[in-house]
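In: Show me the folded form of this:
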Amino acid sequence: MDKHVNLNVKCIKCGKSLMDHQKMINNMPSIALNISHKDKTGKIWLCSNYGCYQHEKNIEVPDKEIVNFYCPHCEELLNSDIKCKSCEAPIVKFNIYIGGVVSICSRKGCNNHYVMFEDLSTAISKFHRAYGM
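Out: Numbers count the residues shown, from 1 in each chain. The predicted structure follows:
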């Protein structure tokens, strides 16, 4: 049986949960965000399993385009000044409840993402307990 690391994240600006327990992807709560591209605004739900690229959105965005991501609570822009090492688009960051940050690329189709933990030993212990790894 495959085990997946499910990320429980919150807004890096206001600290409120971004988890949507009503919109499930792969039987897990999704990460819900507001998005905009050019003159269109909408919502996106990202799979919360690390390494999964499944998502649902209610607006169309062409491949390779940069999307602006916003917190649905404080409405702050989550795109940062840090650029993706693969495509130079802005990186979007979320805080992880167990401590640390997950970062994703804002360009549609770029799969660059990474996780950084504040305290690696604590995070590894929590992963071992949760996932038996």
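
In: in which helix or strand would I find the nearest residue to Ala32 once chain neighbours are set aside?
Out: Leaving aside its sequence neighbours, Ala32 sits nearest to Asp20 (C-beta to C-beta, 6 or more residues apart in numbering; 3.8 Å). From N, CA and C alone the C-beta is placed, and that goes for glycine too. Asp20 is part of strand 19-25, with elements assigned from DSSP states H and E.

In: the inter-axis angle of the helix or strand just after that strand versus strand 19-25?
Out: Using DSSP H and E, the next helix or strand after strand 19-25 towards the C-terminus is strand 28-37. Per axes from the mean of the first three to the mean of the last three C-alpha atoms, to 10 degrees, the angle that strand 28-37 makes with strand 19-25 is 100 degrees.

In: Parallel or antiparallel, list what pairs with strand 28-37.
Out: If you go by DSSP bridges, strand 28-37 pairs up with strand 19-25 (antiparallel), strand 40-46 (antiparallel), strand 68-70 (antiparallel).

In: on that earlier part again, tell me the average confidence for the strand holding Asp20?
Out: Per-residue pLDDT values over strand 19-25 give a mean of 97.

In: Can you point out the buried residues in it?
Out: Residues of strand 19-25 classed as buried: 19-20, 25 (neighbour count, 16 or more other C-beta atoms under 10 Å).

In: same deal with stretch 47-59?
Out: 47-49, 52, 57.

In: Of those residues, just say which sits nearest to Ile35.
Out: Lys57 (6.8 Å; C-beta to C-beta).

In: ok, so what distance separates the closest one from Lys40?
Out: Applying C-beta to C-beta, to the nearest Å, the value for Lys57 to Lys40 is 10 Å.

In: cool, Asn49 as well?
Out: On the measure of C-beta to C-beta, Asn49 and Lys40 end up 27 Å apart.

In: rewinding a little: okay if I get the strands paired with strand 28-37 as TSV plus distance to Val115?
Out: Formatted as TSV, those follow (distance: least, C-beta to C-beta, whole Å):
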stretch	distance to Val115
strand 19-25	16
strand 40-46	14
strand 68-70	17
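
In: can you give me the strands for the protein?
Out: Along the chain, the segments classed as strands by DSSP state E run 9-11, 19-25, 28-37, 40-46, 55-57, 68-70, 79-83, 90-96, 101-105, 113-116.
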